[in-house]
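In: Mind folding the following:
(one chain, ligands or ions: 1)
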Amino acid sequence: MKLSSIKILLKRKTLLIFFIALVLPLTIVAYLGFDTLSKRHNSTKNILESNLWITSESALNQLEQKLQDLEANILSVEHLQQVYSESNAALKAGVEIFLLDEDLSIAYPQTGIVVNDEFPLGNNSNSAFANEFRQAELYEFQERDYSKATEAYSRCYEIAESERDQAFALEGMARTSISQKKYSAAVRYYQMLHTKHSLLINNAGHPFGIIGLLQLHEINKRLSQDGNLLPDFIDTYEKLKNGYWKLSASSYGFFCSEIESVLESELLSDNNTLLRQEYDSIKSKPSRYLVDLEFAEYLRTDIVSKINEAQILNASENDSQIKRIVSNNNGKWALVSYRVFKDFKDGNNYTGGIKWDTDTLQEVIIPAILENISLDIGLDLFLFNKLTPTPPSGQILENSLSLSFRSFPFPWKLIVAQPAMFIIEKESRKEMLIYGLMLGIVFIVMTLGAILIARDIKRKADSMNMKTEFVHNVSHELKTPLSLIRLYGETLLIKENLSAKQKTDALQVITKESERLSHMINNILDFSKIEMGRKEFNFHKGDIAMTIRDTLDLYRYHLEKEGFKINEEIALDLPLIIFDKQAVEGLMINLLSNAIKYSPEKKVLSISLYEENANIILQVSDKGVGIAPDELSHIFDRFYRTKQKVGMESRGSGLGLTLVKHIVESHEGSIHVSSEPGEGSTFSIKFPISQSSFNEQI
Ligand code: ADP
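Out: Coordinates of the predicted model:
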């Protein structure tokens, strides 16, 4: 079987073991864990969901019940009687109250009183007052005899039977006095109209309280007098805005602007800041009466007809039940609740109702009720507007129920959300994440452990391999020179007739092989000393150049015989340094013997020794086989021998460079190799000139 296929097989086996021992159990654990977590999550969710269904039904019922109670409360006879009699609708905020009489005309809020324009001269009126009044009008408008007219109106005043008659007579007296330029009399009459008959309204729909005041102001202007009517005007203005006179919308608007224009022009010239402030504050306040006017208008145009229709259609139904109408009030959704009150006033049936203020209902009334219910049942409750659907949060709508109102035709939905659901969702996501993370960490730790163990095993196996190889190499190394020595020794002993040259050759082989043997044994001994930490150096100050030269000289003959060309550049006068002579010799021998061993063809050896940057540099280069780049980092490892064919064929133990490196480092130096396969190698060693950590031994 080829080595590569064994490797692939080994890799497959490792992967299989890795899969069975790690991936498989972890996958099972992950599956079981995630499955249990999601099942637990789902069952809790199911329980909460069914709870949500039941509870949200009751929440909706409670809300509608509360609203019905509120509605019934406002639409109770007692409450409406109170509102009607006290003319006070501000009792309940958020609703506008109304009452329709038997004919469905608006009894409350009271606005735009219809005046009887035939009064006081109704066709059938033959009373003394009516006759006199007709005479007075004849004097005034046809004969233009104002003094007679004044007298006739005065008589009317005398015989008037009601306040209304009195007021009409007074108005005639005042008018005809002005025509006669009798201003002081006119002032008196208008003052009476303004103060005594203020609330009454004439045939043109004008209240005497206001026209009296306006006329007084006119007279003052005509006479260029300052009657100081300003406080009166302010008071009248406030009454008008508060609905003291139930005028029609057009009369209300007319008098408002009349009084405002008088006040604004008068207050401009007057420097009474207090009155101005008072006026500004009244003007800026929204008019209660205007609200009533608009409400009445809305009732007239939209609601009354609908109530009428419903009453005709459902005549047989129980009238006193509350009914609801949805309408569109100026483009806005509006809800009206109403019921019939039997025998409400003077034996007549009235229809009473309320218009809910949509905003108050949606933003105040319902949220307040929901808050209470929510506290009670522990669910989140809020309104969701169908018309403007802006959900409060997408997530909330996901896990919630939306219910339509049953009793009230609201355009909203009630959203019921289970707060615990979000927490559970969040918690479960967190749990899954933590579980996944833990599994990931376990997987990483286990994989790392497996890798470390595998690396350790591989290292141990490599080291075992190296040691076996070493033993094999060394025994071979020892055996070869020994057999040669023995062979040539025996030859010398046995063969007597050997020529002188043959004897010399034999002796040379014996010497060379014994040198090799001793080199080998020295290396092994040195290495074992280093391994046991017993290697000692004898440092002495000396001339390292001499040691290098001497060692080279020792090998010179041998090298030349092998056919080496030696380039030698050893600088003169190098500084003395502290070194172990024997160790440096050993280092040189190792480098030289490597150069010989790994230069099978081009036999060139260069040795140089020189000083550079406070170091002595020793360089040994050859033009031999060189070293492959991937081997460069290993050649100093113990027992390491080249894997290349050329090198493998040479003999060696893999200890030479390990020893060289140890010797260099013991001298605080460093070694560097540069090599190109097929081009040769250069070993550069740096010996620092001033070594600090050790002293010369004596
Ligand atoms: P050995 O020479 O006994 O194998 P060494 O420790 O001396 O052991 O060398 C280790 C390896 O370094 C050698 O196997 C060889 O591959 C490489 N090597 C050392 N010196 C040289 C050289 N001068 N040229 C080429 N390769 C060398």
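In: check contacts around residue 687.
Out: 544, 577, 579, 615, 616, 617, 618, 664, 667, 669 (Cβ atoms under 8 Å, 6 or more residues apart in numbering). C-beta here means a position set from N, CA and C on the backbone, and glycine is covered the same way.
In: Check residue 405 too.
Out: 60, 64, 412, 413, 414.
In: The fourth one in helix, strand or coil?
Out: Using DSSP: H, G, I helix; E, B strand; the rest coil, the secondary structure recorded for residue 413 is strand.
In: The chain should start at 269 in everything you say after this.
Out: In the new numbering, first residue 269, that becomes residue 681.
In: Dig out what it forms beta bridges with.
Out: In this entry, residue 681 is beta-bridged to residue 652, residue 672, by DSSP bridges.
In: Check whether it really touches residue 668, as I assumed.
Out: No - using Cβ atoms under 8 Å, residue 681 is not in contact with residue 668; the gap is 10.2 Å.
In: which of the contacts of residue 673 come close to the ligand?
Out: Applying Cβ under 6 Å from any ligand atom to those, one finds that nothing falls near the ligand.
In: how about the residues of this structure near the ligand?
Out: Residues of the chain lying close to the ligand (Cβ under 6 Å from any ligand atom) are 858, 862-863, 866, 890, 892-895, 903, 908-910, 915, 920-926, 949.
In: Closest one to residue 823 out of the contacts of residue 955, please.
Out: Nearest to residue 823 out of those is residue 886 (Cβ to Cβ; 14.7 Å).
In: Need the pLDDT of that closest one.
Out: On the pLDDT scale, residue 886 is placed at 96.
In: before we move on, what about residue 544?
Out: With respect to pLDDT, residue 544 has a value of 90.
In: picking that back up, could you work out the most separated pair of the contacts of residue 673?
Out: 332 and 681 (13.2 Å).
In: which helices and strands sit right next to the longest helix along the chain?
Out: Using DSSP state H, we find that the single longest helix of the chain is helix 687-762. On a contact count with 3 or more Cβ pairs under 8 Å, 6 or more residues apart in numbering; DSSP states H and E, helix 687-762 meets helix 271-286, helix 292-342, helix 768-800.
In: Quick check: what element follows the last one along the chain?
Out: Read it as helix 768-800. strand 807-810 (DSSP states H and E).
In: for residue 423, what are its contacts?
Out: Residue 423 neighbours (Cβ under 8 Å, 6+ apart): 400, 404.
In: Work out for me the element it sits within.
Out: helix 414-427.
In: Residue 323 and residue 622: what is the separation?
Out: Separation of residue 323 from residue 622 (Cβ to Cβ, to the nearest Å) stands at 31 Å.
In: out of these two, which sits in the busier spot?
Out: A direct count of neighbours by other Cβ atoms under 10 Å for residue 323 and residue 622 places residue 622 higher, at 23 against 18.
In: Show the residue spans covered by the helices in the stretch 319-468 of the chain.
Out: Ranges of helices in the stretch 319-468 of the chain, per DSSP state H, counting those that start in this stretch, are 345-354, 396-405, 414-427, 431-447, 451-463.
In: How about the stretch 769-918 of the chain?
Out: Using DSSP H, counting those that start in this stretch, helices in the stretch 769-918 of the chain cover 812-830, 849-865, 897-900, 913-917.
In: which of those is buried the deepest?
Out: Ranked by mean neighbour count, those are led by helix 849-865 with a mean of 21 (mean count of other Cβ atoms under 10 Å).
In: what's the average pLDDT for it?
Out: Rounded mean pLDDT across helix 849-865 is 90.
In: What of stretch 505-515?
Out: What stretch 505-515 shows for mean pLDDT is 90.
In: and if you look at stretch 721-729?
Out: 84.
In: Can you point out the buried residues in that stretch?
Out: Buried residues in stretch 721-729, counting neighbours by 16 or more other Cβ atoms under 10 Å, are absent.
In: residues in contact with that stretch?
Out: For stretch 721-729, the external contacting residues (Cβ under 8 Å, 6+ apart) are residue 282.
In: Stretch 862-876 too?
Out: 816, 820, 827, 830-838, 860, 885-893, 914-915, 918-920, 924-925, 948-949.
In: switch the cut-off to 7 Å
Out: The contact list for stretch 862-876 (Cβ atoms under 7 Å, 6 or more residues apart in numbering) reads 820, 827, 830-837, 887-893, 914-915, 918, 920, 924.
In: Of those, which belong to strands?
Out: With DSSP state E as the criterion, strands contain 833, 834, 835, 836, 837, 887, 888, 889, 890 from among these.
In: Taking those residues together, which two end up most distant?
Out: Using Cβ to Cβ, those span at most 16.2 Å, a distance reached by 833 and 887.
In: show me the biggest strand of the chain in terms of residues.
Out: Identified as the longest strand of the chain according to DSSP E is strand 600-613.
In: which is the next helix or strand following that strand?
Out: The helix or strand immediately downstream of strand 600-613 is strand 616-624, counting by DSSP H and E.
In: Parallel or antiparallel, which strands does that following strand pair with?
Out: With DSSP bridges as the test, strand 616-624 is paired with strand 363-368 (antiparallel), strand 600-613 (antiparallel).
In: okay, now residue 631: neighbour count?
Out: Counted with other Cβ under 10 Å, residues neighbouring residue 631 total 13.
In: State whether it is indeed within a helix.
Out: Yes - counting by three-state DSSP, residue 631 falls inside a helix.
In: Who are the contact partners of the residue in the stretch 319-468 of the chain that the ligand sits nearest to?
Out: Closest approach between the stretch 319-468 of the chain and the ligand, counting by Cβ to the nearest ligand atom: residue 320, at 79.8 Å. Counting by Cβ under 7 Å, 6+ apart, residue 320 touches 669, 684, 686.
In: now residue 567
Out: When contacts are counted by Cβ under 7 Å, 6+ apart, residue 567 is found next to 366, 374.
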